[in-house]
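**Student:** here you go, sequence then predicted model.
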Number of protein chains: 2
Amino acid sequence: MTLTEENYLKALHRLSQNEETISVKRIAVLLDIKMPTVNSMVKNLAEKKLIKYEKYKSIELTEKGRKQALLILRKHRLTELFLKDVMGLGWEEVHDIAEQIEHLQSDLFFNRVDEMLGHPQFDPHGEPIPDSHGRLPQLKATPLSLCQSGKKYQLSGVLNNDASFLTYLNSVDLQLGSQIEIITLQEFDKSMAVKLNGKTKTVFSALICQNLLVL
Amino acid sequence: MTLTEENYLKALHRLSQNEETISVKRIAVLLDIKMPTVNSMVKNLAEKKLIKYEKYKSIELTEKGRKQALLILRKHRLTELFLKDVMGLGWEEVHDIAEQIEHLQSDLFFNRVDEMLGHPQFDPHGEPIPDSHGRLPQLKATPLSLCQSGKKYQLSGVLNNDASFLTYLNSVDLQLGSQIEIITLQEFDKSMAVKLNGKTKTVFSALICQNLLVL
DNA sequence: TATTAATGTTAGAATAGTCTAACATTTTTT
DNA sequence: AAAAAATGTTAGACTATTCTAACATTAATA
């Protein structure tokens, strides 16, 4: 696949998230490319079985096309995390660079990035990161702060990677997959009394709850 | 500049290192591209004042072209070091990835890479890394074996990357930047008695001296 | 030096990705 | 429902990069 095709697929995937139908016009606007150009690229992608296309009808990604798009999305999100957490760049600075790095052809490179980040399943916005087969985590993670008392959850990601935060999580033996049961929610300061892994009882401040993603 | 033009410039610069004249044929072989293609690209680069070109004559980089080439070389070498030292990839694995990353457009990214590596002036082969203005370090690293006794030098690179060699260097606490003072040179076997970092005294065999690059 | 070999150049075509101008279809508005 | 607006499509052109085939020049050799 060419760089251009990859960008079209990414756009198609993004549009399919928001809208129910995908039009040539929408792609053209999103990519800042004229409609006839999009039209011919759409035909090209259809020939390659990456999208389903009939004249004047709405465009759809095929299973194959969706998988390709997710693999690019994976590279993009891993790269953003890497630039931010490993290289210390600001969240607002990483997007443009990731747009370029996401097109690199090197499993070796991205596997290492994935490894250095600890195989994250969610990016700092809570958006899921597809796995290396282009599969998404089935469930969508939510911040613990939005969860209900009395229920049990599993830790699936964090929205903060400060050393102090991660150290704290370690100190209460909380890891990806750990069970978190919300016992009570303090209305006043939004702090939560919780039971971890069916054993330890403790209290999470509102700030901690906002930074824990659970399923 | 396009990616393709960058690759031609890089090739031109590389050829200008070894040969005194650069021919269309050499470029064609190096890049695995047919001669007529090279011919038209050469005309294109000449129009952009990146090279000097006259029919049937040898090709030369202009000052402008050389600077561009050095800036790409800088990005390549910094990237290789980054992949190796920060990401822990093997020296043999990094080249192909660096060939892709060197074309990224992001001063921010490369400045950060440079910073994380401590603004290195030489790569592990002792090859100089151009600065951000496309200038080469004035001094050229020389093998320790060609240096004079009684003088002090700084380790700036190695010509060998065998694990056994690098392990040895670690064992005597020798790193890039370490000071090496030559106390005496044994005429017979060309071994050297040296003082490292102003402290440790030891003896380097001729083979070791040949593989240490110093300033 | 005359011939052959190597190298260089030109001409013309192919592909990918882009465009504008013109025309077609669908959707919205009156 | 008719007219207008929005959207979609086709046709044809342009640039960048590549190729092959044919021809030109320079270098090497007999």
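**Tutor:** Everything's here; your move.
**Student:** what comes up buried for the helix ranked longest in chain A?
**Tutor:** Longest helix in chain A by number of residues (criterion: DSSP state H): helix A:63-81. Within helix A:63-81, the residues that qualify as buried by neighbour count (16 or more other C-beta atoms under 10 Å in any protein chain shown) are A:65-81. (C-beta placed from N, C-alpha, C; glycine too.)
**Student:** how is chain A divided into domains?
**Tutor:** Taking automatic domain parsing as the criterion, chain A consists of the domains A:3-61, A:142-214.
**Student:** out of those domains, which comes closest to B:Leu12?
**Tutor:** domain A:3-61 (24.4 Å; C-beta to C-beta).
**Student:** the closest one and DNA strand D, any residue contact?
**Tutor:** Yes. Domain A:3-61 reaches DNA strand D (C-beta under 7 Å from any atom of the strand) through A:23-26, A:28, A:35-36, A:39-40, A:42-43, A:55-57.
**Student:** nearest residue to A:Arg74 other than its sequence neighbours?
**Tutor:** Nearest in space to A:Arg74, with sequence neighbours left out and distances taken as C-beta to C-beta, 6 or more residues apart in numbering or on different chains, is A:Pro130 at 4.3 Å.
**Student:** isn't the one you found right next to A:Asp123, touching?
**Tutor:** No. A:Pro130 lies out of contact with A:Asp123 (C-beta atoms under 8 Å); the separation is 11.0 Å.
**Student:** of these two, give the one with the bigger neighbour count.
**Tutor:** Using other C-beta atoms under 10 Å in any protein chain shown as the criterion, A:Pro130 and A:Asp123 rank with A:Pro130 on top: 22 against 18.
**Student:** quick check, pLDDT for that one.
**Tutor:** With respect to pLDDT, A:Pro130 scores 95.
**Student:** cool, and A:Thr202?
**Tutor:** So, for A:Thr202, pLDDT stands at 95.
**Student:** can you tell me the element it falls in?
**Tutor:** Following DSSP states H and E, one finds A:Thr202 within strand A:200-204.
**Student:** return the residues of chain A in contact with chain B.
**Tutor:** Counting by C-beta under 8 Å from any C-beta of the partner chain, chain A comes close to chain B at A:83, A:86-89, A:93, A:96-97, A:100-101, A:104-106, A:108-109, A:112-113, A:116.
**Student:** and A:Lys195, what are its phi and psi?
**Tutor:** Main-chain torsions, A:Lys195, degrees, to the nearest 10: phi -120, psi 130.
**Student:** and it, how many neighbours?
**Tutor:** Residues within reach of A:Lys195, counting by other C-beta under 10 Å, total 15.
**Student:** can you tell me the closest non-neighbouring residue to it?
**Tutor:** A:Glu181 (4.4 Å).
**Student:** so that neighbour makes contact with A:Lys151?
**Tutor:** Yes. Between A:Glu181 and A:Lys151 there is a contact under C-beta under 8 Å: 7.3 Å.
**Student:** the residue of chain A positioned farthest from its centre: helix or strand, and which one exactly?
**Tutor:** Here chain A reaches farthest from its C-alpha mean at A:Lys55, the gap being 32.7 Å by C-alpha atoms, centre = their mean. In the assignment (DSSP H and E), A:Lys55 maps to no helix and no strand.
**Student:** tell me how far A:Asp189 lies from DNA strand D.
**Tutor:** 48 Å (C-beta to the nearest atom of the strand, to the nearest Å).
**Student:** helix or strand: which one has that residue?
**Tutor:** Going by DSSP H and E, A:Asp189 is not in any helix or strand.
**Student:** for it, grab the count of nearby residues.
**Tutor:** The tally of other residues near A:Asp189 (other C-beta under 10 Å) stands at 8.
**Student:** quick one: low-confidence parts of chain A?
**Tutor:** Where chain A drops to pLDDT under 70, the residues are A:124-126, A:138-139.
**Student:** if I pick the closest residue to A:Gln68 other than its chain neighbours, what's in contact with it?
**Tutor:** Take A:Gln68 and drop its neighbours on the chain: the residue closest to it by C-beta to C-beta, 6+ apart is A:Leu9, 5.5 Å away. Neighbouring residues of A:Leu9 by C-beta atoms under 8 Å, 6 or more residues apart in numbering or on different chains: A:Met1, A:Leu45, A:Leu50, A:Leu61, A:Gly65, A:Gln68, A:Ala69, A:Ile72.
**Student:** hmm, who's touching the helix or strand harbouring the second one?
**Tutor:** I take that to be A:Leu45. A:Leu45 is located in helix A:35-47, with elements delineated by DSSP H and E. With contact meaning C-beta under 8 Å, 6+ apart, helix A:35-47 is reached by A:4-5, A:8-9, A:12, A:24-25, A:27-28, A:31, A:51-53, A:59, A:65.
**Student:** 7 Å instead?
**Tutor:** A:Glu5, A:Tyr8, A:Val24, A:Lys25, A:Ile27, A:Ala28, A:Ile51, A:Tyr53, A:Ile59 (C-beta atoms under 7 Å, 6 or more residues apart in numbering or on different chains).
**Student:** the helix or strand just after that helix: partners in the sheet, and parallel or antiparallel?
**Tutor:** Later in the chain than helix A:35-47, the nearest helix or strand by DSSP H and E is strand A:51-52. Paired neighbours of strand A:51-52 in the sheet (DSSP bridges): strand A:60-61 (antiparallel).
**Student:** the strand it pairs with: how far from the chain's middle?
**Tutor:** How far strand A:60-61 lies from its chain's middle: 20 Å, per C-alpha atoms, centre = their mean, to the nearest Å.
**Student:** who touches it?
**Tutor:** So strand A:60-61 is in contact with A:Leu12, A:His13, A:Ser16, A:Ile22, A:Ile51, A:Lys52, A:Ala69, going by C-beta under 7 Å, 6+ apart.
**Student:** return the set of buried residues in the helix or strand containing A:Ile182.
**Tutor:** Assigned by DSSP H and E, A:Ile182 belongs to strand A:179-185. Residues of strand A:179-185 classed as buried: A:Gln179, A:Ile180, A:Glu181, A:Ile182, A:Leu185 (neighbour count, 16+ other C-beta under 10 Å).
**Student:** now do that strand and strand A:200-204, the angle between them.
**Tutor:** 60 degrees (axes from the mean of the first three to the mean of the last three C-alpha atoms, to 10 degrees).
**Student:** roughly how far is strand A:179-185 from the heart of the chain?
**Tutor:** For strand A:179-185 - counting by C-alpha atoms, centre = their mean - the centre lies 25 Å from the chain centre.
**Student:** who's A:Val203 bridged to?
**Tutor:** Assigned bridge partners for A:Val203, using DSSP bridges, are A:Ala193.
**Student:** that one and A:Leu15, how far apart?
**Tutor:** Distance, A:Val203 to A:Leu15, by C-beta to C-beta, to the nearest Å: 43 Å.
**Student:** settle it for me: which of these two has more neighbours?
**Tutor:** A:Leu15 (18 against 12).
**Student:** alright, I will stop here.
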